[in-house]
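Peer 1: I'll drop the sequence and a predicted model, then ask my questions.
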Amino acid sequence: MDIKQKFGLKIKELRKAKGLSQEKLAHLADIDRTYLPTIEKGERNVSIEVVEKLAKALDVKIKDLFDE
């Protein structure tokens, strides 16, 4: 599994743990709702800005998105 897939799975895991839909998380992170599923599938190489937005929306530290 590559880093994009690991990152996507972590986002999905945290999103589900918080009871958020993909659409709600995308709204909270101010990213396009069609972008989030591709992140979760590991199909996107996200920018550091998007990483920060997702961390804030999930109310976690950036480093928590990379913990295995």
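Peer 2: Nice, I can see it. All figures in this text were calculated on a predicted structure; none of them were measured in a lab. Residues are numbered from 1 along each chain as shown.
Peer 1: Could I get the contacting residues of the residue lying closest to Asn45 once chain neighbours are set aside?
Peer 2: Using C-beta to C-beta, 6 or more residues apart in numbering and skipping residues adjacent in sequence, the residue nearest Asn45 is Lys4, 6.1 Å away. Any C-beta I mention is one placed from the backbone N, CA and C, and that applies to glycine too. By C-beta atoms under 8 Å, 6 or more residues apart in numbering, Lys4 lies in contact with 42-46.
Peer 1: Of the residues you listed, just say which sits nearest to Asp32.
Peer 2: Nearest to Asp32, judged by C-beta to C-beta, of those is Arg44 at 11.2 Å.
Peer 1: I'd like to know how many residues surround that closest one.
Peer 2: Per other C-beta atoms under 10 Å, the neighbour tally for Arg44 reads 16.
Peer 1: secondary structure element for the residue lying closest to it once chain neighbours are set aside?
Peer 2: Closest residue in space to Arg44, ignoring its immediate chain neighbours: Thr38 at 4.9 Å, by C-beta to C-beta, 6+ apart. Using DSSP states H and E, Thr38 maps to helix 35-40.
Peer 1: Check which helix or strand the spatially most central residue of the chain maps to.
Peer 2: Taking C-alpha atoms, centre = their mean, the centroid of the chain lies closest to Ile11, which sits 3.7 Å from it. Here Ile11, judged by DSSP H and E, is contained in helix 3-17.
Peer 1: Following the chain past that helix, name the next helix or strand.
Peer 2: Next element after helix 3-17 (DSSP H and E): helix 22-29.
Peer 1: Would you mind listing the buried residues in that following helix?
Peer 2: Counting neighbours by 16 or more other C-beta atoms under 10 Å, one finds that the buried residues in helix 22-29 are 22, 25-26, 28-29.
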